[in-house]
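Participant: the sequence and its predicted three-dimensional model are supplied below.
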Amino acid sequence: MSQPTRILLSLIAGLLGGIALAAWTPSAAGTAILLAQPVGTAWLNALQMTVVPLVVSLLVTGVAATAEAARAGRIAARAILMFVSLLFVSALAAALLTPLFLDLVPLPAEAGASLRAALTGAAPVAQAPPIGDLLAHIVPTNALAAATADAFLPLIIFTLIFAFALTRIDAERRRLLTTVFEALRETMLVVINWVLWLAPLGVLALALVVGARAGTAAFGALVHYVVTVSAVGIAVSLLGAIPLALLGARIGIARFARAALPAQAVAISTQSSLASLPAMLKGAGALGVPVSTAGLTLPIAVAIFRWTGPAMNLAVAIYVARWFGIALTPGTMAAAVVVAALTSLGSVSLPGQISFVSAIAPIAAVLGVPIAPLGLLVAVETIPDIFRTLGNVTMDLAAVATVSRISHDPLPEDI
């Protein structure tokens, strides 16, 4: 049985157990909550303790890898510029679409109230600052203080400055320091894998508390969450891939769909862009992209470009904000768009459960949104993750075909 399946079963068992205890023996439910809540909180704290070192190490190594790839030539540099620009477009699309979807099909008020009451310890990480204060403190006076205060936007700005400066120093020293951050990244991945090994216990404890306090409303709220975030992923995928294929690569939709279908099938079955790479290479060939171009740009796309990542990560944070009644200002939304785009650069090669926590926690911190609900939402990430991967491989093909055309490769037009 896979780890995601075990976590999902723990979620269901915890919710059902909490609901049953509250219905049949309320006194026992109170005792169970007293025992389970510290266990769930400790597991969440263990997840959170990995976020800052993981995000910093991922950004440094991600920028180093991106800079190294850009040195491969004009086509690689052009592809990287397009990929990074599109990540910001993805996050901006989610900032517009997610509130719209939540207005059209809102979370039932009763379910939202029950879940807020169930997660009584889920206080916002920090009060979202006014736009003036946000801009004034975007450059930290003390990077360590920013890290300890979970001030992720200033921390990310410092890390990016550090990472770009690293690319300008002597090659030998650059490799040495990059190796240090790679070792830090690998170490933190070991730690977070240990934490995720305990996820069934942590999710069971959290779900038991939620089930006992929120009742059956918890199931409806989780289904609403899955549908909303998946809808954002589907919408962003369609709004990205179709115009890029038509206008950027100048390929007809029917032809593009046929070429992308094998890679999409692998993506659905494996939930891995890397596993889909061979099928993407064949799809790129079917679109007329030369092997030399596809062989260079598609691995770069898999390494640094996850089109749906910023959109769906930001959608999760916005959903939790709406769930807890937290008003989001234009300034904080703008900051969240930046953080969503930048953090996705380093998280693309991680397993879904790890990237879920490491990518969304910084966005939540910027928005002043509680991180505690992520412990429950990671248990139902399997379905949204299918749409994440599906959108990623589809957009990778469209982007690579576009890079090929604008680089004057012989890509036949059929529209």
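Facilitator: Looks like it arrived, so ask away. From a predicted model like this one, the values you see are computed outputs, not experimental measurements.

Participant: so where's the stretch 201-350 of the chain shaky on pLDDT?
Facilitator: Low-confidence segments of the stretch 201-350 of the chain, defined by pLDDT under 70: 214, 346-350.

Participant: what segments of it are helices?
Facilitator: Ranges of helices in the stretch 201-350 of the chain, per DSSP state H, counting those that start in this stretch, are 217-243, 253-270, 277-286, 291-304, 308-323, 330-347.

Participant: any chance of those helices in CSV, plus distance to Thr382 and mean neighbour count?
Facilitator: For every residue, glycine as well, the C-beta is placed using N, CA and C. Output for these, formatted as CSV (distance: least, Cβ to Cβ, whole Å; neighbours: other Cβ atoms under 10 Å):
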stretch, distance to Thr382, mean neighbour count
helix 217-243, 9, 20
helix 253-270, 12, 18
helix 277-286, 21, 19
helix 291-304, 21, 20
helix 308-323, 13, 28
helix 330-347, 17, 23
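
Participant: give me the contacts around stretch 73-82.
Facilitator: 66, 69-70, 293, 296-297, 300-301, 304, 399-400, 402-403, 406-407 (Cβ atoms under 8 Å, 6 or more residues apart in numbering).

Participant: same check on stretch 273-283?
Facilitator: By Cβ under 8 Å, 6+ apart, the list of residues contacting stretch 273-283 reads 259-267, 270, 291, 294-295, 298-299, 302, 306, 348-349, 389, 392-393, 396-397.

Participant: that one: how far from the chain's middle?
Facilitator: What separates the centre of stretch 273-283 from the centre of its chain is 21 Å, taken as Cα atoms, centre = their mean, to the nearest Å.

Participant: for stretch 356-363, same thing?
Facilitator: 6 Å.

Participant: again with stretch 294-303
Facilitator: Worked out by Cα atoms, centre = their mean, stretch 294-303 lies 20 Å from the chain centre.

Participant: and stretch 372-383, by the same measure?
Facilitator: 12 Å.

Participant: first-to-last residue distance for that stretch?
Facilitator: 20 Å (Cα to Cα, to the nearest Å).

Participant: what mean pLDDT does that stretch get?
Facilitator: Mean pLDDT, stretch 372-383: 82.

Participant: which residues does that stretch contact?
Facilitator: Residues contacting stretch 372-383 (Cβ under 8 Å, 6+ apart): 4, 7-8, 10-11, 40-41, 43-44, 47, 115, 119, 121-122, 199, 202-203, 206-207, 210, 222, 225-226, 230, 271, 316, 320, 323, 352-353, 356-357, 360-361, 364.

Participant: narrow those to just the buried residues.
Facilitator: Among those, those classed as buried by 16 or more other Cβ atoms under 10 Å are 4, 7-8, 10-11, 40-41, 43-44, 47, 115, 119, 122, 199, 202-203, 206-207, 210, 222, 225-226, 230, 271, 316, 320, 323, 352-353, 356-357, 360-361, 364.

Participant: for Gly391, see how far away the residue nearest in space to the middle of the chain is.
Facilitator: For the chain, the residue nearest the mean C-alpha position is Asn313 (4.0 Å; Cα atoms, centre = their mean). Using Cβ to Cβ, to the nearest Å, Asn313 is found at 13 Å from Gly391.

Participant: element containing Leu196, please.
Facilitator: Using DSSP states H and E, Leu196 sits in helix 171-197.

Participant: tell me what that helix is packed against?
Facilitator: Judged by 3 or more Cβ pairs under 8 Å, 6 or more residues apart in numbering; DSSP states H and E, helix 171-197 is in contact with helix 26-49, helix 51-70, helix 152-166, helix 352-367.

Participant: verify the stated contact: Gly18 with Ala207.
Facilitator: Yes. Using Cβ atoms under 8 Å, Gly18 is in contact with Ala207, at 6.7 Å.

Participant: so what's Ile318 closest to, chain neighbours aside?
Facilitator: Thr98 (4.4 Å; Cβ to Cβ, 6 or more residues apart in numbering).

Participant: ugh, wrong one, Ala46
Facilitator: That would be Val195: by Cβ to Cβ, 6+ apart, it lies 4.6 Å from Ala46.

Participant: the residue nearest to Ile318 sits in which helix or strand?
Facilitator: Short version, using DSSP H and E: Thr98 is in helix 74-104.

Participant: quick check: buried residues in that helix?
Facilitator: 75-76, 78-80, 82-84, 86-87, 89-95, 97-99, 101-102.

Participant: ok, stretch 153-161 next?
Facilitator: Buried residues in stretch 153-161 (16+ other Cβ under 10 Å): 153-160.

Participant: same check on stretch 180-199?
Facilitator: 181-182, 184-185, 188-189, 192, 195-196, 199.

Participant: distance from it to the middle of the chain?
Facilitator: A distance of 17 Å separates the centroid of the chain from that of stretch 180-199, by Cα atoms, centre = their mean.
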